[in-house]
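[1] Quick one, fold the following:
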Amino acid sequence: MKTKIVILALVLLLAGAAAAFAAEEAAPASNAHWRWIAAAAAVGMACIGGGVAVGQIGAAAMGAMSENPELSGKALPFVGLAEGICLWGFLVAILILFV
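    The predicted structure follows:
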């Protein structure tokens, strides 16, 4: 599964690079669609990574809490840190679009 995602990301990156180098000198608005694609890729990959991280951390936290219920307060900040990855992807997308 991981190799399929990596291969897909590389194919999209190479296709975007080829299209960018093949583009003629035209109006700057002709490349505006690449900004939207880059922003979508930033949010999408960040959310996929955050989802995988939350899934693994959540499973480990539930296993630890089943053995020792006192660990519930210590496991929640780690899940929050993994969810923060999605917010960083959103921030990068905002910077791509509006800066």
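[2] Could you pull out the strands in this structure for me?
    Taking DSSP state E as the criterion, the chain contains no strands.
[3] in it, which segments are predicted with low confidence?
    Where the chain drops to pLDDT under 70, the residues are 6, 8-30.
[4] need the helices for it, in chain order.
    2-22, 32-67, 72-98 (DSSP state H).
[5] Could I get the ones you listed in CSV, plus columns for mean neighbour count?
    Any C-beta I mention is one placed from the backbone N, CA and C, and that applies to glycine too. Converted to CSV, those look like this (neighbours: other C-beta atoms under 10 Å):
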stretch, mean neighbour count
helix 2-22, 10
helix 32-67, 14
helix 72-98, 14
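[6] Got phi/psi on Asn68?
    phi -140, psi 100 (degrees, to the nearest 10).
[7] ok, it - contacts?
    Asn68 sits next to no residue when contact means C-beta atoms under 8 Å, 6 or more residues apart in numbering.
[8] Trp36 now?
    Taking C-beta under 8 Å, 6+ apart as the test, what Trp36 contacts is Leu97.
[9] Chain neighbours aside, what residue packs nearest to the most centrally placed residue in the chain?
    For the chain, the residue nearest the mean C-alpha position is Ala46 (1.2 Å; C-alpha atoms, centre = their mean). Nearest non-adjacent residue to Ala46, counting by C-beta to C-beta, 6 or more residues apart in numbering: Gly89, 2.2 Å away.
[10] returning to that earlier point: so what's the residue nearest to the centre of the chain up against?
    If you count contacts by C-beta under 8 Å, 6+ apart, then Ala46 has Ile85, Cys86, Trp88, Gly89, Phe90, Val92 around it.
[11] rerun at 7 Å
    Contacts for Ala46 (C-beta atoms under 7 Å, 6 or more residues apart in numbering) come out as Ile85, Cys86, Trp88, Gly89.
[12] So Ala75 versus Gly58, what's the distance?
    8 Å (C-beta to C-beta, to the nearest Å).
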